[in-house]
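*Asks:* Structural data only, the sequence is not supplied:
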């Protein structure tokens, strides 16, 4: 019996589907190394030999630039030749699962590329004043904050981005345009003469409305993200008195949820309130209002919309007893405390912004760790979703990137799906053409569709994992859930994961840098 992820024979090397940027020579070189035993890399389960051979044969003909999206490739995808979509797979699941993605307005409503969106009925949206947006490479400048044209006039919703979105996903979350400061036309300010009606700030829901209504039109669950996050809150809150901050926060929650009541039924209420050690971060809300602000926000949100599902969301909390044990434990304690007090919190999101080459606190947790974290949260009576998943691979050797990415998407989701409390996966974008990662880090390919909207090996890994809960599937998808090692003693991810640092070296590094290397109090992802 060959363990999951093991090499069966020399011939198995030929089934590796290498990264699109690799040449045929690199593929042959890697095969030779595996065959001769120079490297003994474990491969994730489920690689398709036919698919891999096709990929290797056609490397030289694959599109190299974003604008080159072959008509044949688009036609094959749209005709379903490449198998069921993610949405179709979960439609046959034995329980309801959200398969969602973060969405930006520009690629959804504007032409994404000339070739991808050309043709009758694909004119995209026009900018105010009659200028048509081609969108070519514009996302590189705008994606970090999700900028979109000031006015959008619909002539079609048939962009390739839109077609892929509605066929592959049954849920969406607005990536940027429901955060507090981005919605403000004018920011709130100090009260005058004790009046609570002074300087409340004005809102513009234009882009958020467009995305929400689009999702509803295509029968998609829409999640609101996020009501309270210190990073995207108005800067003027720092200048306000505590009672002014409390009133502005309450009014913001009521204003936003009131506007979308009946359309958005799921909300991330509070986001990233924890420090790396699991204590509450000393952000503007903690400094002004104290530790009770989280409870207050959930109670206000429930009052604003009693029918809404209310979630707490945080990063680096995905694995129990994993690389971020302190924070994962703090996440559990926070939620357990809220539940004990009867606070209306219904579930939580664990983000899963993973770096396949990460070390120390940035290592990817194992499937067992993720399963156990979801399990203990579920015992609190909470629903759990993976809320912002992407997998960075640029720091790995090119020949390992798709191997690692596929295994992470497949094994983590397959493990999560074994837990009754797990109710959904939300990707933080779906095409490498539009990803926040390129703005915060460097060029990378963290998502399941490539820049030309082609399905990557990560896509097939994810789809195979989702198929594990379809009728006739094998729950768990043969992923080791009771141990971090296979029967041969190989640690999960040994094919691509950097070796563990010596404990002394790791502790010294973390003591010096922690997670916030830049010291700017932004989310504590690796920089």
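*Replies:* Nice, I can see it. What you are looking at is a predicted structure, and each value in this text was computed from that prediction instead of being measured.
*Asks:* and the nearest residue to residue 473 once chain neighbours are set aside, how many neighbours?
*Replies:* Spatial nearest neighbour of residue 473, chain neighbours left out: residue 467 (5.1 Å); criterion: C-beta to C-beta, 6 or more residues apart in numbering. Yep, even glycine has a C-beta here, placed from its N, CA and C like the rest. Residue 467 has 23 neighbouring residues, counting by other C-beta atoms under 10 Å.
*Asks:* cool, and residue 394?
*Replies:* Neighbours of residue 394 using other C-beta under 10 Å come to 17.
*Asks:* Could you do the one 10 residues further on as well?
*Replies:* When counting by other C-beta under 10 Å, one arrives at 25 neighbours for residue 404.
*Asks:* cool, residue 219 as well?
*Replies:* 10.
*Asks:* do residue 379 as well
*Replies:* Around residue 379 there are 11 residues (other C-beta under 10 Å).
*Asks:* again, but for residue 242
*Replies:* Residue 242 has 11 nearby residues by other C-beta under 10 Å.
*Asks:* For the stretch 201-350 of the chain, give me the ranges with low pLDDT.
*Replies:* Within the stretch 201-350 of the chain, no range satisfies pLDDT under 70.
*Asks:* Would you map the strands across it?
*Replies:* In the stretch 201-350 of the chain, the strands defined using DSSP state E, counting those that start in this stretch lie at 202-203, 221-228, 266-271, 309-314, 347-350.
*Asks:* Would you confirm that the residue nearest to residue 473 contacts residue 89?
*Replies:* Yes: in this structure, residue 467 is within contact of residue 89 by C-beta atoms under 8 Å, at 5.6 Å.
*Asks:* surely residue 420 meets residue 381?
*Replies:* No: between residue 420 and residue 381 there is no contact under C-beta under 8 Å: 11.4 Å.
*Asks:* Contacts only, for the residue lying closest to residue 253 once chain neighbours are set aside.
*Replies:* Excluding its sequence neighbours, the residue lying closest to residue 253 (C-beta to C-beta, 6+ apart) is residue 300, at 4.7 Å. Neighbour list for residue 300: 249-250, 253-254 [criterion: C-beta atoms under 8 Å, 6 or more residues apart in numbering].
*Asks:* at 7 Å instead, please
*Replies:* Contacts for residue 300 (C-beta atoms under 7 Å, 6 or more residues apart in numbering) come out as 250, 253-254.
*Asks:* Just the ones in helices from those residues, please.
*Replies:* Judged by DSSP state H, the contacts of residue 300 include 250, 253-254 as members of helices.
*Asks:* coming back round to it: Throw the strands of the stretch 201-350 of the chain into CSV and include mean neighbour count and distance to residue 163, thanks.
*Replies:* Formatted as CSV, the strands of the stretch 201-350 of the chain follow (neighbours: other C-beta atoms under 10 Å; distance: least, C-beta to C-beta, whole Å):
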stretch, mean neighbour count, distance to residue 163
strand 202-203, 14, 31
strand 221-228, 25, 18
strand 266-271, 26, 24
strand 309-314, 24, 28
strand 347-350, 26, 27
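*Asks:* Show me the one of those strands that comes nearest residue 434.
*Replies:* For residue 434, the closest of those is strand 221-228, at 16.3 Å, according to C-beta to C-beta.
*Asks:* other SSEs contacting the closest one?
*Replies:* Contacts defined by 3 or more C-beta pairs under 7 Å, 6 or more residues apart in numbering; DSSP states H and E place strand 221-228 against strand 98-103, strand 171-174, helix 206-217, helix 242-260, strand 266-271, helix 293-304.
*Asks:* so where's this structure shaky on pLDDT?
*Replies:* For the chain, the ranges with pLDDT under 70 are 1-81, 111-158, 186-200, 477, 501-527.
*Asks:* Need the contact partners of the single longest strand found in it.
*Replies:* Longest strand in the chain, counting residues (DSSP state E): strand 383-392. Counting contacts by C-beta under 7 Å, 6+ apart, the residues outside strand 383-392 that touch it are 98, 313, 346-356, 374, 377-378, 405, 408-409, 416, 421-429, 435, 437, 441, 444, 446-447, 458.
*Asks:* go on, stretch 221-234?
*Replies:* Residues contacting stretch 221-234 (C-beta under 7 Å, 6+ apart): 98, 100, 170-174, 178-182, 184, 187-188, 201, 212, 215-216, 249, 253, 256, 260, 263-264, 266-272, 283-285, 297, 301, 313, 522-523.
*Asks:* In strands only, show me the contacts of strand 383-392.
*Replies:* Those of the contacts of strand 383-392 mapping onto strands are 98, 313, 347-350, 353-355, 422-427, per DSSP E.
*Asks:* Give me the neighbour count for residue 440.
*Replies:* 15.
*Asks:* For the closest residue to residue 321 other than its chain neighbours, give its distance to residue 85.
*Replies:* In space, and not counting its chain neighbours, residue 321 is closest to residue 369: 6.3 Å by C-beta to C-beta, 6+ apart. Applying C-beta to C-beta, to the nearest Å, the value for residue 369 to residue 85 is 30 Å.
*Asks:* cool, and residue 389?
*Replies:* 18 Å.
*Asks:* The two - which one has more neighbours?
*Replies:* Neighbour count, other C-beta under 10 Å: between residue 389 and residue 85, residue 389 has more, with 27 against 21.
*Asks:* partners of that one in the sheet?
*Replies:* Beta-bridge pairing of residue 389 under DSSP bridges involves residue 427.
*Asks:* about what we covered before: mind putting the helices and strands packed on strand 221-228 in TSV, distance to residue 329 included?
*Replies:* TSV is the format used below for those (distance: least, C-beta to C-beta, whole Å):
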stretch	distance to residue 329
strand 98-103	27
strand 171-174	27
helix 206-217	35
helix 242-260	27
strand 266-271	18
helix 293-304	17
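*Asks:* How about the contacts made by residue 94?
*Replies:* By C-beta under 7 Å, 6+ apart, the contact list for residue 94 reads 469, 471.
*Asks:* What is the neighbour count of residue 431?
*Replies:* 26.
*Asks:* Surely it and residue 446 touch.
*Replies:* No: Residue 431 sits out of contact with residue 446 when judged by C-beta atoms under 7 Å, with a separation of 10.4 Å.
*Asks:* Between the ones in helices among the contacts of residue 300, which sits nearest residue 397?
*Replies:* The nearest member of the ones in helices among the contacts of residue 300 to residue 397, counting by C-beta to C-beta, is residue 253 at 46.8 Å.
*Asks:* Quick check: the closest one touching residue 301?
*Replies:* Yes: between residue 253 and residue 301 there is a contact under C-beta under 7 Å: 5.5 Å.
*Asks:* one step back: quick one, which of the contacts of stretch 221-234 are buried?
*Replies:* 98, 100, 170-174, 178-182, 184, 187-188, 201, 212, 215, 249, 253, 256, 260, 264, 266-272, 283-285, 297, 301, 313, 523 (16 or more other C-beta atoms under 10 Å).
*Asks:* now the helices for the stretch 351-500 of the chain?
*Replies:* Ranges of helices within the stretch 351-500 of the chain are 367-378, 398-416, 437-440, 457-467, based on DSSP state H, counting those that start in this stretch.
*Asks:* all helices of the stretch 101-250 of the chain, in order?
*Replies:* Per DSSP H, counting those that start in this stretch, the stretch 101-250 of the chain carries helices over the ranges 105-109, 139-142, 160-168, 180-183, 206-217, 242-260.
*Asks:* Not counting sequence-adjacent ones, nearest residue to residue 406?
*Replies:* Nearest one to residue 406, counting by C-beta to C-beta, 6+ apart, is residue 461 at 3.7 Å.
*Asks:* so which of the strands of the stretch 201-350 of the chain gets nearest residue 279?
*Replies:* strand 309-314 (12.5 Å).
*Asks:* Return the list of strands paired to the closest one, each annotated with direction.
*Replies:* Partners of strand 309-314 in its sheet, by DSSP bridges: strand 266-271 (parallel), strand 347-350 (parallel).
*Asks:* quick check: angle from the longest one to strand 98-103?
*Replies:* Meaning strand 266-271. Relative orientation of strand 266-271 and strand 98-103, computed by axes from the mean of the first three to the mean of the last three C-alpha atoms, to 10 degrees: 60 degrees.
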